[in-house]
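A.B. asks: Sequence and predicted structure are below.
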Amino acid sequence: MMTGFFKMHGLGNDFVVVDERTHRHDLTPARIAALCDRHTGIGCDQFVTLRPACAQGADVFVRFFNADGTESGACGNASRCVADLLARETGRDSIGLQTRAGVLHATIVRPGMVTVDMGLPRQGWAEVPLAHACDTLHLPITGDPAAVSMGNPHATFFLTAPDAMAPEVAGPELEHHPLFPERANIGFAHIAARDAMRLRVWERGSGLTRACGSGACAAVVNAVRRGLVERTCTVVMDGGELVITWREDDGHVLMTGPAVTSFTGTFSPEDYPR
Ligand SMILES: N[C@H](CCC[C@H](N)C(=O)O)C(=O)O
């Protein structure tokens, strides 16, 4: 049975978005991974499904799957894209997204530009001494790294210089480090100013992406906690920049950036191995 999809991206972090609100497909982790393959599938960093919302204040239930077929509780760039899609469908500029990490509220700033309230950072690891995780890796870092969850686990390492190391070097080992029982997204940040940083993220389950929305949120929260930046900070990634605010009055993290639909298409799930 042919199934429609939207090919979308946020700063080059790209997605295949499938609307399952009226019909569910047999999308197993193996089939999702096959669809994410850039040579034999459609190709994307994350695969996103839409289902009917059941949470109050939500317009849609969104699930995020990495290129290896594993599911994540959050995906900032895809959240902006789905909000943009729903805004065009409903004609509204305020959209509620139910995710496994909670209900997120999105606002359309202007067509193609979206602010998502990513909610409260989870700081259960507030003082996790990640420094010893790098002892064996001899990372060129300054100060203590930090971990936080935006609904998905992130560890941020602050580099001594923007190109002090390539994420491909330490990313895979840190992603799978025993410190992270569910693996983790690994951010490599360099502070450029009190309101700006450069960031590259080795993403759990997808590897190095051109941008990571939840990773940008995590990096700003971690940098504020370390006293390195102000609460509003521009995060410059390979694919472009996001503006992140860790709001003081309620502790929510706001992320503003673009959402783009590249094209639409169809595929037959049965053509892919389950
Ligand atoms: N790889 C992430 C999910 C995608 C996050 C990223 N694409 C974003 O924009 O937040 C994880 O497994 O937690």
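C.D. replies: Here it is on my side, so go on.
A.B. asks: Measure how buried residue 86 is and give me the count.
C.D. replies: Applying other CB atoms under 10 Å, we find 20 residues neighbouring residue 86. Placement of C-beta: from N, CA and C, glycine included.
A.B. asks: Now do the SS call for it.
C.D. replies: With DSSP: H, G, I helix; E, B strand; the rest coil as the basis, residue 86 sits in helix.
A.B. asks: ok, the residue nearest to it when sequence neighbours are not counted - how many residues close by?
C.D. replies: Counting by CB to CB, 6 or more residues apart in numbering, residue 86 lies nearest to residue 95, which is 4.6 Å off, once chain neighbours are set aside. By other CB under 10 Å, 24 other residues sit near residue 95.
A.B. asks: ok, the helix or strand hosting residue 95: who's next to it in the sheet?
C.D. replies: Residue 95 is part of strand 94-99 when elements are defined by DSSP states H and E. Strand pairing for strand 94-99, using DSSP bridges, gives strand 60-66 (parallel), strand 102-110 (antiparallel).
A.B. asks: which of those sits most buried?
C.D. replies: For the strands paired with strand 94-99, the largest average neighbour count (mean count of other CB atoms under 10 Å) is found in strand 60-66, namely a mean of 23.
A.B. asks: near the ligand at all, that one?
C.D. replies: Yes - if you take CB under 6 Å from any ligand atom as the test, strand 60-66 does meet the ligand, through 64, 66.
A.B. asks: Following the chain onward from that strand, which element is next?
C.D. replies: As assigned by DSSP H and E, the chain's next helix or strand after strand 60-66 is strand 71-72.
A.B. asks: what helices or strands is that next one leaning on?
C.D. replies: strand 60-66 (3 or more CB pairs under 8 Å, 6 or more residues apart in numbering; DSSP states H and E).
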